[in-house]
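**Q** take a look and give me a structure for this.
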Amino acid sequence: MLTTAGCTALPSSGPSRQDVASNATVKNNLDEKKSRFQYALLDVNSSVLPYFDYSVYDSLFKGFGMGNSKPSTDLGAGDVIQITIFEAQAGGLFIPAGATTTQGNFVTLPKQTIDGKGEVIVPYAGPVKVTGRSVAAVQAEIAKKLSNRAIEPQVVITTVSSASQNLSILGDVNQPAQMAVSTGDRVLDIISKAGGLSAPSIESYVTLERNGKKATALFKSVVSSPRENIFVHPNDTIYVERERRTYLAFGATGASGQYNFEEANLTLGQALAKAGGLLDGRADPSQVLLYREVPRKTLVELGLDVSRFSGDMIQTVFKANLRDPSMLFAVQKFKMRDRDIIYVTNSDSVEITKFMNLVNGVSDTHSNVVGDLVTTKNAAKALGQ
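**A** Sure, this is the predicted structure:
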């Protein structure tokens, strides 16, 4: 009874396995009991692994597909164009009657910026709608409008600058900029044109925004997977941002503390190794715990009753029994997430040893105190004599 009562007062680096199991609100293979901070308890096994085999971030390819290697050649508002009109011979609308019929039978109009209405002005043709149309289509329309005045007119449009064919790249790159999209440009081409990353690649991720839709992928994934390096489009916005992903390790690990991932998809096994593994003289290998918030729908798919929980995210404890040899394969497939917490409990024998050391310490202290009292009493008697 004394041992049992004393164990609750012994020093410890965290909750015992009995505390974790008894206070879980929902768990598999264990009884249910309410607790102040509700959480679900799941054993890491082959049936659980598929539900947590996800990438750290979404996919650019899944968000937008590979896209087209050739950017649109349509004109747009803000583009600056120059229009040149050729006539077959002199004496027409633009070429004086005394001019000779040579390759110089043309007139170049001043540069124009396509206005907010998407129009430009052509003498004797009036306003011409150009936005969202190809250069060839606009050339043909202008020539048609001038055909009743000019002599066999031909029109050539040159794009001086193309604001509508630009994209923006921002964030953790060396040279954030707005730049023109060229045929065949992909995400990595744009990052390269922006001077490359200014943050560690392992901690960087790429977000592409297009027509109000976003998709995100780790920079490492874009580099390693060709299909993630999708083609860019005009008016895209690319954000490159650094996110330091970390996890905490407590309890009977070799070195408790906060650790950086330093891997695109860090596994539980790798995370334990980075934290120094399990202490041979303290750890209970059957009680390796990982704390994380899990989407409600995932737990429902696993068949757990989550009716007692509120909200879309549910606090969950995963338990890995490393006494099972097959579990070493499982922890190498179970992927870590940012801000996960690993806790390894002490074995029961360690708790008993702590208590016995405490008892021995009290006994030694009592013996020393009694000895000191006897010595003091004898000294006093000697002085009295």
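**Q** so what's Val128 up against?
**A** By Cβ atoms under 8 Å, 6 or more residues apart in numbering, Val128 lies in contact with Glu119, Val120, Ile121, Val122, Val138, Glu141, Ile142, Lys145. For glycine as for every other residue, the C-beta is placed from the backbone atoms N, C-alpha and C.
**Q** ugh, typo on my part, it should be Lys62
**A** Ala215.
**Q** ok, it to Asp284 distance?
**A** Per Cβ to Cβ, to the nearest Å, Lys62 is found 41 Å from Asp284.
**Q** check Val240 too.
**A** Val240 is 43 Å from Asp284, where distance means Cβ to Cβ.
**Q** is Thr84 bridged to anything, and to what?
**A** Thr108, Val156 (DSSP bridges).
**Q** count the neighbours of it for me.
**A** 14 (other Cβ atoms under 10 Å).
**Q** show me what contacts it?
**A** Neighbour list for Thr84: Phe106, Val107, Thr108, Leu109, Val155, Val156, Ile157, Thr158 [criterion: Cβ under 8 Å, 6+ apart].
**Q** could you flag which of those residues are buried?
**A** In those, burial by neighbour count holds for Phe106, Leu109, Val155, Ile157, counting by 16 or more other Cβ atoms under 10 Å.
**Q** pretty sure the last one contacts Ile81?
**A** Put plainly, it is Ile157. Yes: Ile157 is in contact with Ile81 according to Cβ atoms under 8 Å; the separation is 5.5 Å.
**Q** before we move on, the earlier item: next, format the contacts of Thr84 as TSV and append distance to Val222 and pLDDT.
**A** Shown next, in TSV, are those (distance: Cβ to Cβ, whole Å; pLDDT from 0 to 100):
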residue	distance to Val222	pLDDT
Phe106	47	87
Val107	49	89
Thr108	44	91
Leu109	44	93
Val155	42	94
Val156	40	95
Ile157	36	94
Thr158	35	92
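**Q** distance to Leu289 added to the residues you listed, as JSON lines?
**A** Shown next, in JSON lines, are the contacts of Thr84 (distance: Cβ to Cβ, whole Å):
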{"residue": "Phe106", "distance to Leu289": "80"}
{"residue": "Val107", "distance to Leu289": "81"}
{"residue": "Thr108", "distance to Leu289": "76"}
{"residue": "Leu109", "distance to Leu289": "75"}
{"residue": "Val155", "distance to Leu289": "74"}
{"residue": "Val156", "distance to Leu289": "72"}
{"residue": "Ile157", "distance to Leu289": "68"}
{"residue": "Thr158", "distance to Leu289": "68"}
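**Q** which among those residues gets closest to Gly132?
**A** Using Cβ to Cβ, Ile157 comes nearest to Gly132 of the contacts of Thr84, at 14.7 Å.
**Q** next, the contact list for the closest one, please.
**A** Ile157 makes contact with Ile81, Gln82, Ile83, Thr84, Val135, Val138, Gln139, according to Cβ under 8 Å, 6+ apart.
**Q** quick one: the helices in the stretch 1-150 of the chain?
**A** With DSSP state H, counting those that start in this stretch as the criterion, the stretch 1-150 of the chain has helices at 2-7, 17-23, 60-64, 135-146.
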